[in-house]
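*Asks:* Would you be able to build a 3D model of this:
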Amino acid sequence: MTPLKHLSIALAAFGCATHLMAASLVEQYVITAAKAANDSLKNAPKDGVTKSIKAYAQGSTLVHEHVLSLRPDVSERELQLWRSGTRSEVVPGVCSHLKQDEFFNKHGFQVRYRYLNQSGKVLDDFVVNRPACQGL
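*Replies:* Numbers count the residues shown, from 1 in each chain. The predicted model follows:
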């Protein structure tokens with residue numbers, strides 16, 4: 001069972017009597033999910049391009065931040081192709097994983113992917129939320 005699915009089952013048992021309680025629970029859910037993601041990222045295979053990956057909580061959003069080392073002459077066309085390919089792989093996979101997640105479906109939990117170069121320039125930044133998953 002994946003860390004996110006396990007957390008969803010455990011936290012769903014608490015129920016949500018009010019919107020305020022739900023907001024509090026979803027934020028705690030995201031903090032716990034970020035910790036679990038960072039634990040699993042410690043053993044992630046090295047690909048030669050990714051210099052670091054970290055996950056952190058930002059309200060009801062779980063942020064995955066990737067720092068990449070790209071060659072200096074990478075073209076905008078190559079970046080566009082990479083963005084398109086990355087999104088077409090990441091979004092359906094995350095949507096499939098979260099389709100039964102109560103916090104995703106009812107409480108605004110979402111996942112954000114940020115890709116930066118080593119100087120901090122944003123290469124891509126996108127959110128996987130319910131609207132992004134509709135129709136997949």
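*Asks:* Under the pLDDT cut-off, which ranges of this protein? List them.
*Replies:* Low-confidence segments of the chain (pLDDT under 70): 1-23.
*Asks:* residue nearest the centroid of the chain?
*Replies:* residue 111 (3.5 Å; C-alpha atoms, centre = their mean).
*Asks:* Tell me the helix or strand right after the helix or strand encompassing it.
*Replies:* Secondary structure assignment for residue 111, by DSSP states H and E: strand 110-117. Per DSSP H and E, strand 110-117 leads on to strand 122-128 as the next helix or strand towards the C-terminus.
*Asks:* Could you pull out the buried residues of the helix or strand just after that following strand?
*Replies:* Downstream of strand 122-128, the next assigned helix or strand under DSSP H and E is helix 130-133. Of the residues in helix 130-133, 132-133 count as buried by neighbour count, 16 or more other C-beta atoms under 10 Å. C-betas here are computed from N, CA, C, even on glycine.
*Asks:* Same check on stretch 111-120?
*Replies:* Buried residues in stretch 111-120 (16+ other C-beta under 10 Å): 111-116.
*Asks:* Equivalent analysis for stretch 51-71, please.
*Replies:* So stretch 51-71, judged by 16+ other C-beta under 10 Å, has buried residues 53, 55-57, 60-64, 66-68.
*Asks:* Which pair in those has the greatest spatial separation?
*Replies:* 60 and 68 (26.2 Å; C-beta to C-beta).
*Asks:* which residues are contacting stretch 44-60?
*Replies:* 23, 26-27, 30-31, 33-34, 37-38, 41, 62-70, 103, 107-110, 112, 118 (C-beta atoms under 8 Å, 6 or more residues apart in numbering).
*Asks:* Break down this structure into its strands, ranges please.
*Replies:* 50-58, 61-68, 110-117, 122-128 (DSSP state E).
*Asks:* Now render those strands as TSV, adding distance to residue 91.
*Replies:* Shown next, in TSV, are the strands of the chain (distance: least, C-beta to C-beta, whole Å):
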stretch	distance to residue 91
strand 50-58	17
strand 61-68	13
strand 110-117	9
strand 122-128	5
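*Asks:* Which one, of those strands, ends up nearest to residue 86?
*Replies:* With C-beta to C-beta as the yardstick, what comes closest out of these is strand 122-128 (6.6 Å).
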